[in-house]
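[1] Coordinates only, no sequence provided:
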């Protein structure tokens with residue numbers, strides 16, 4: 001996520017002083033002494049992003065295998081899974 005995409009920038013001291021006011025539904029950039037420290041986001045959003053990332057990695061690995069010719073036929077897959 002690009003720093004430019006984050007609309008909200010919050011200092012660590014502001015977060016400590018009033019956490020309920022700071023935490024929003026959108027991710028925000030947490031800073032300490034003017035330097036970027038972390039991106040804070042809702043846990044549900046984090047989980048969804050992680051799940052999507054894992055899925056995309058598996059797809060990318062599958063495409064690389066296909067490019068290398070490292071494939072399995074449907075019949076071979078069914079046999080390996082005991083679905084014949």
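    The structure has been received and is ready for your questions. Because the structure is predicted, anything quoted here is derived from the model rather than measured.
[2] Which secondary structure element of the chain has the lowest mean pLDDT?
    Using mean pLDDT, DSSP states H and E, helix 19-22 stands out as the lowest-scoring helix or strand of the chain, at a mean of 76.
[3] in that helix, what counts as buried?
    Neighbour-count burial for helix 19-22 flags residue 22 (criterion: 16 or more other C-beta atoms under 10 Å). Backbone N, C-alpha and C define where each C-beta goes, glycine included.
[4] Do you have the strands of the protein handy? List them.
    Per DSSP state E, the chain carries strands over the ranges 8-11, 28-32, 35-40.
[5] the helices in the protein, which residues?
    Remark: helices assigned in the chain by DSSP state H are 12-17, 19-22, 43-68, 74-80.
[6] What's the mean pLDDT across the longest one?
    Over the span of helix 43-68, the pLDDT mean works out to 96.
[7] Report the inter-axis angle for that helix versus strand 35-40.
    On the basis of axes from the mean of the first three to the mean of the last three C-alpha atoms, to 10 degrees, helix 43-68 is oriented at 90 degrees to strand 35-40.
[8] how far does helix 43-68 sit from the chain's center?
    9 Å (C-alpha atoms, centre = their mean, to the nearest Å).
[9] Give the other helices and strands that it contacts.
    Helices and strands touching helix 43-68, as assessed by 3 or more C-beta pairs under 8 Å, 6 or more residues apart in numbering; DSSP states H and E, are absent.
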